[in-house]
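1. coords please:
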Amino acid sequence: MNLYELPKFNFLSRINTRRKGLALLASAVFLSIIFGFLAGAFSSAVFYFQIRDYLAKMNVELPAIKETVKEYLPQTSQEEKVIKVVADVSPAVVSIVVTKDLPIIEQYFEPGPFGLQIPQYRQKGTEKQEIGGGSGFIVSSDGLVLTNKHVVLDEEADYTVLTNDGQKFPAKVLARDPVEDLAVLKIEPPSSTSFPTVNLGDSDNLESGQTVIAIGNALGEFRNTISAGVISGLGRKITASGGGLVETLEDVIQTDAAINKGNSGGPLLNLKGEVIGINTAMVLEAQSIGFAIPVNKVKRAIEQVRQSGKIVYPFLGIRYLLVDQKVKEQYNLSVDYGALIIKGESDEKGVEPGSAADKAGLKEGDVVLEFNGEKITTENTLAKIIIKYQSGDEVVLKILREEKEMEAEVVLGERSE
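-> Predicted coordinates:
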């Protein structure tokens, strides 16, 4: 018995056919959407311009389409404070350009032996050239500018102050601090206007870890460069050099806010926008170690310049070495505190002739133990104590001489530039 043979059913063929149908349908729907969108946009544009032209004939204007400008939103409250400080203080931060007349050297040749041309040199006039720069900030609306002494050390140079808005002002150096790395300049404001100024804070209440901001003319090229960090240490003592000047600075602020060449003289600010220090030095061999002079020392200099036109310090007139355990052992002393009067490295005298110390009878080898009742230590140094007084003040010194204590009355002298 023959069985009927059933026709073969091709499932794959039917699936492919159905897929093709769905693809055609999806393509048709997609194209309809696209063309519908384009047609709608075109008709809307035509309608808009027709309405605009019609309203224009009726003296009616459509509102202008405004571009939406996204304003930056600070991510944290601290970031918001930093941005505000920079915006508020930057107009009062300036760049200082140092220029000087330098000789123009011309090279020429003269015939020599064997037909050789021998180079010769001669001066052909002078030309004003930029030789340095730094930063500063305006502390009074009439144009008092504070900067570092080493920025304006050259008395034969000319100084120009550049403000943040690009204006240039010739500057006169009013005073250079004989002790601290500070100088006060004066620029004249344009008629009937005044300069923006900074607010001075209080450097006696600083804390390690406190956020600070430095602003300055980095590398003498990038004006109002901003860097932020923290106070890394307080009461530091450093020996700094720059501009041909080497001096020891006591009680300075250490910060990890980047201080670059050209930042010298710029402000160190707290998050209130107050100046708490003046940037003065950096450690070239290290990463992010910079130093600033506390602003309370700056206030003293500004006030003295306003009153007398110069910066004056009380002057005792001795060279000394602060005594600690090591110095005690080295010089075979019976005390481990005080200020030992010694000669300088180049055989300078320990007691300056004609000084207040000389007049009071102090000698090399004496140890000044107390200054007007205050004990002299490595923490409470003689420099910190004497700055509290004025020239002309009479003080009492307790002295150790040849293992005997004695007192000496001293009338403090004056030290100025």
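2. just the helices from the stretch 151-300 of the chain, written as ranges.
-> Counting by DSSP state H, counting those that start in this stretch, the stretch 151-300 of the chain has helices at residues 295-308.
3. give me the below-cutoff pLDDT ranges for it.
-> 219-222, 240-247, 284-287 (pLDDT under 70).
4. so is the closest residue to residue 271 other than its chain neighbours in a helix, a strand, or just coil?
-> Excluding its sequence neighbours, the residue lying closest to residue 271 (CB to CB, 6 or more residues apart in numbering) is residue 81, at 4.6 Å. All C-beta spots, glycine's among them, are computed from the backbone N, C-alpha and C. Under the three-state scheme (DSSP: H, G, I helix; E, B strand; the rest coil), residue 81 adopts helix.
5. what distance do you get for residue 81 to residue 317?
-> Residue 81 sits 47 Å away from residue 317, going by CB to CB, to the nearest Å.
6. which one of these two is surrounded by more residues?
-> residue 317 (21 against 17; other CB atoms under 10 Å).
7. so the more buried one versus residue 360, what's the distance?
-> With CB to CB as the criterion, residue 317 and residue 360 are 9 Å apart.
8. quick one, what contacts residue 167?
-> Contacts for residue 167 (CB atoms under 8 Å, 6 or more residues apart in numbering) come out as none.
9. what segments of the stretch 251-400 of the chain are strands?
-> With strands called from DSSP state E, counting those that start in this stretch, the stretch 251-400 of the chain shows them at 267-269, 274-282, 290-294, 313-315, 320-322, 339-341, 367-371, 374-375, 394-401.
10. residues touching the third one, excluding its own?
-> The set of residues external to strand 290-294 that reach it, using CB under 8 Å, 6+ apart, is 180-182, 203-204, 206, 214, 236, 238, 240, 249, 251-259, 263, 268, 276-283.
11. go on, the last one?
-> With CB under 8 Å, 6+ apart as the contact definition, strand 394-401 has outside contacts at 333-335, 338, 360, 362-363, 365-373, 389, 405-412.
12. among these, the buried ones, what's the PyMOL command?
-> Restricted to buried positions by 16 or more other CB atoms under 10 Å, the PyMOL selection for the contacts of strand 394-401 reads:
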select buried, resi 333+338+360+362+366+367+368+369+370+371+389+408+410+412
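13. which ones among the contacts of strand 394-401 map onto helices?
-> Using DSSP state H, no member of these falls within helices.
14. got CSV for the strands of the stretch 251-400 of the chain, with distance to residue 129 too?
-> Compiled in CSV, the strands of the stretch 251-400 of the chain are given as follows (distance: least, CB to CB, whole Å):
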stretch, distance to residue 129
strand 267-269, 28
strand 274-282, 26
strand 290-294, 29
strand 313-315, 35
strand 320-322, 42
strand 339-341, 45
strand 367-371, 48
strand 374-375, 50
strand 394-401, 49
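15. so which of those is the most packed in?
-> Comparing these by mean neighbour count (mean count of other CB atoms under 10 Å), strand 267-269 ranks first with a mean of 30.
16. bridging residues for the residue nearest to residue 269 when sequence neighbours are not counted?
-> The shortest distance from residue 269 to any non-neighbouring residue, by CB to CB, 6+ apart, is to residue 213 (4.5 Å). On the basis of DSSP bridges, residue 213 is bridged to residue 228, residue 269.
17. surely residue 213 touches residue 255?
-> No: Residue 213 is beyond contact range of residue 255, at 9.8 Å (criterion: CB atoms under 8 Å).
18. mind listing the shared neighbours of these two?
-> With CB under 8 Å, 6+ apart as the test, residue 213 and residue 255 both reach residue 268.
19. tell me how far residue 381 lies from residue 320.
-> 10 Å.
20. so residue 142 versus residue 200, what's the distance?
-> 16 Å.
21. between those two, tell me which one has more neighbours.
-> More crowded of residue 142 and residue 200, by other CB under 10 Å: residue 200, with 18 against 12.
22. what does the pLDDT read for residue 99?
-> Residue 99 carries a pLDDT value of 88.
23. quick check: domain ranges of this protein?
-> For the chain, automatic domain parsing gives the domain ranges 19-48, 89-186, 201-308, 313-415.
24. most neighbours per residue, which of these?
-> It is domain 201-308: most buried of these by mean count of other CB under 10 Å, with a mean of 19.
25. for that domain, measure first residue to last.
-> End-to-end distance for domain 201-308: 24 Å, by CA to CA, to the nearest Å.
26. off-centre distance for it?
-> 6 Å (CA atoms, centre = their mean, to the nearest Å).
27. equivalent analysis for stretch 176-195, please.
-> The answer for stretch 176-195 is 17 Å, by CA atoms, centre = their mean.
28. CA atoms only for it, dumped as CSV, please.
-> C-alpha atoms of stretch 176-195 as CSV (Å, rounded to 0.1, in the frame of the first residue of the first chain):
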residue,chain,number,x,y,z
ARG,A,176,62.4,99.6,52.1
ASP,A,177,62.1,97.7,55.4
PRO,A,178,65.6,97.3,57.0
VAL,A,179,64.6,94.0,58.7
GLU,A,180,61.7,92.3,56.9
ASP,A,181,61.5,91.6,53.2
LEU,A,182,59.0,94.4,52.7
ALA,A,183,58.7,97.6,50.7
VAL,A,184,56.1,100.2,50.2
LEU,A,185,55.5,101.8,46.8
LYS,A,186,53.3,104.7,45.7
ILE,A,187,51.3,105.1,42.5
GLU,A,188,49.1,108.0,41.6
PRO,A,189,45.4,107.3,40.8
PRO,A,190,43.8,108.8,37.7
SER,A,191,42.0,112.1,38.5
SER,A,192,38.7,111.8,40.4
THR,A,193,39.1,108.0,40.8
SER,A,194,40.5,105.7,43.5
PHE,A,195,42.1,102.3,43.5
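29. start the count at 266 instead of 1 going forward.
-> Got it, first residue is 266 now, which makes that one stretch 441-460.
30. SS state for the closest residue to residue 421 other than its chain neighbours?
-> Excluding its sequence neighbours, the residue lying closest to residue 421 (CB to CB, 6+ apart) is residue 365, at 6.5 Å. Classification of residue 365 using three-state DSSP returns strand.
31. distance of residue 365 from residue 451?
-> Relative to residue 451, residue 365 is positioned 20 Å away (CB to CB).
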